[in-house]
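Enquirer: Starting from these lines, generate the structure:
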Amino acid sequence: MSLATRCTACGTIFRVVLDQLKVSEGWVRCGRCHAVFDAQQGLFDLEQDDPPAWNEQVPAEPEQPAATFLEEHHPGSDAATADPLGSAHAFAAGSAARAALESEPVFDAEPPADPADVFQDAPVHPSETDAKQTSAGDPGWFEPMADSASTPGFVRQAERNQRWQSTPVRLALGLLALALVLGLLAQATHHFRHRIAAQWPATQPWLNRYCAAAGCSIDPLHRIESVSIENSALTAAERADAPGALKMIITLQNRGPLPVAMPALDLSLTDNDGELVARRALLPADFDSVGAVLAPGVDTPLRLNLAVSGRKVSGYTVEVFYP
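Expert: Numbers count the residues shown, from 1 in each chain. Coordinates of the predicted model:
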């Protein structure tokens, strides 16, 4: 069912909705002439009924008074002569009309009203225009910038991802990663330079150049667990110029897979009672014809002449160590 009504002022027919009529108690406003009228009086069904006949209402001209009399006005005369009931009824009717106008829905007529009647330019107040021009021309006036907090979170996340995926950023990150890797390799090379030189002798020239620039040195490995004393002997030396001289012979062997530095010896001499007669730390420089490195799997004999005076030596102990 398609309901319609006719404006009682201009005769325009337009559709209406029954629920809206119930809310406004039947009062509507014409979209063409803006007249307010009761739509229920001319309500009909567009699909079944014919539109009701419309009689144009011509406003009656006011009657001209035969003569105009000017009377002296008394302040209390109007209130005395007015009908109190009529005033109350007029006030009540005016209030009800205003309430209906405020709550009633506005319907657009079909066909639509003249654009010149519907769309009207809003009045421009000179004071507002002047205020806007003054604000825009003021040097201290700035237009507020958009708040970044109003940007959605997924948009900001996408922008960050796009920046990280850009070519300059990726190139800078690649160079930074390469520099970090090279720095890590340099640090590891410096820390393990002794083992690298022992295990890969071909790198010795490069490591020497590096140490010349860095102010370091390359020494043989110190692995005391790889050095063992294979045999040792302490005998009296047959020397006429030094009675009581002793001759010490010690054989060292490197049991490890890599060359190691020549260790030092801790030699202790005791008498018949086991008391300490003498003790001495023997460095590689104290031995004759001894190199600074013990080759792996090779026996290296050490010979040393000792001179002890006063007490007779009958025993000894010897140990290897790195100072």
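
Enquirer: which residues of the chain fall in helices?
Expert: Under the criterion DSSP state H, helices of the chain are mapped to 18-23, 77-81, 84-103, 115-118, 126-137, 153-164, 167-191, 193-199, 204-214.

Enquirer: Which residues does the last one contact?
Expert: Residues lying outside helix 204-214 but in contact with it, judged by Cβ atoms under 8 Å, 6 or more residues apart in numbering, are Thr189, His190, Arg193, Ile196, Ala197, Cys216, Ser217, Ile218. For glycine as for every other residue, the C-beta is placed from the backbone atoms N, C-alpha and C.

Enquirer: for the stretch 201-323 of the chain, what spans make up the strands?
Expert: 227-236, 245-254, 260-261, 264-270, 276-282, 293-294, 299-307, 315-321 (DSSP state E, counting those that start in this stretch).

Enquirer: what ranges of the stretch 151-300 of the chain fall below the confidence cut-off?
Expert: Counting by pLDDT under 70, the stretch 151-300 of the chain contains low-confidence residues at 151, 239-243, 289.

Enquirer: The same query, at a cut-off of 80, please.
Expert: 151-159, 161, 237-244, 288-290 (pLDDT under 80).

Enquirer: before we move on, back to that, can you pick the most crowded of the contacts of helix 204-214?
Expert: Ala197 (23 neighbours; other Cβ atoms under 10 Å).

Enquirer: which residues does that one contact?
Expert: Thr203, Gln204, Leu207, Ile218.

Enquirer: Tell me how the chain divides into domains.
Expert: Segmentation of the chain into domains, based on automatic domain parsing, reads 1-53+90-121, 165-219, 224-321.

Enquirer: Can you tell me which of those is nearest to Gln157?
Expert: Gln157 sits nearest to domain 165-219 of all these, at 12.5 Å, using Cβ to Cβ.

Enquirer: And for stretch 170-181, what's in contact with it?
Expert: Stretch 170-181 has contacts (Cβ under 8 Å, 6+ apart) with Trp164.

Enquirer: Quick one: the contacts of helix 204-214 as JSON lines, columns for distance to Leu18 too.
Expert: JSON lines is the format used below for the contacts of helix 204-214 (distance: Cβ to Cβ, whole Å):
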{"residue": "Thr189", "distance to Leu18": "92"}
{"residue": "His190", "distance to Leu18": "93"}
{"residue": "Arg193", "distance to Leu18": "98"}
{"residue": "Ile196", "distance to Leu18": "97"}
{"residue": "Ala197", "distance to Leu18": "102"}
{"residue": "Cys216", "distance to Leu18": "100"}
{"residue": "Ser217", "distance to Leu18": "105"}
{"residue": "Ile218", "distance to Leu18": "103"}
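
Enquirer: Closest one of the residues you listed to Ser314?
Expert: Nearest to Ser314 among the contacts of helix 204-214, with distances taken as Cβ to Cβ, is Ser217, at 43.2 Å.

Enquirer: how many other residues sit next to the residue nearest to the closest one when sequence neighbours are not counted?
Expert: Using Cβ to Cβ, 6 or more residues apart in numbering and skipping residues adjacent in sequence, the residue nearest Ser217 is Cys211, 5.8 Å away. Using other Cβ under 10 Å, Cys211 has 15 neighbouring residues.

Enquirer: before we move on, what about Gln187?
Expert: Neighbour tally, Gln187, other Cβ under 10 Å: 10.

Enquirer: same question, Leu252
Expert: Neighbours of Leu252 using other Cβ under 10 Å come to 21.

Enquirer: pretty sure it is in contact with Val227, am I right?
Expert: Yes. Look at Leu252 against Val227 with Cβ atoms under 8 Å: they come within range, at 6.0 Å.

Enquirer: got any residues that touch both of these two?
Expert: The contact lists of Leu252 and Val227 share Pro263, Leu294, Val320, where a contact means Cβ under 8 Å, 6+ apart.

Enquirer: So the second one sits against Ala261, correct?
Expert: Spelled out, that is Leu294. Yes. Leu294 is in contact with Ala261 according to Cβ under 8 Å; the separation is 7.4 Å.

Enquirer: circling back to that earlier point, of the contacts of Ala197, closest to Val298?
Expert: Nearest to Val298 among the contacts of Ala197, with distances taken as Cβ to Cβ, is Gln204, at 19.9 Å.
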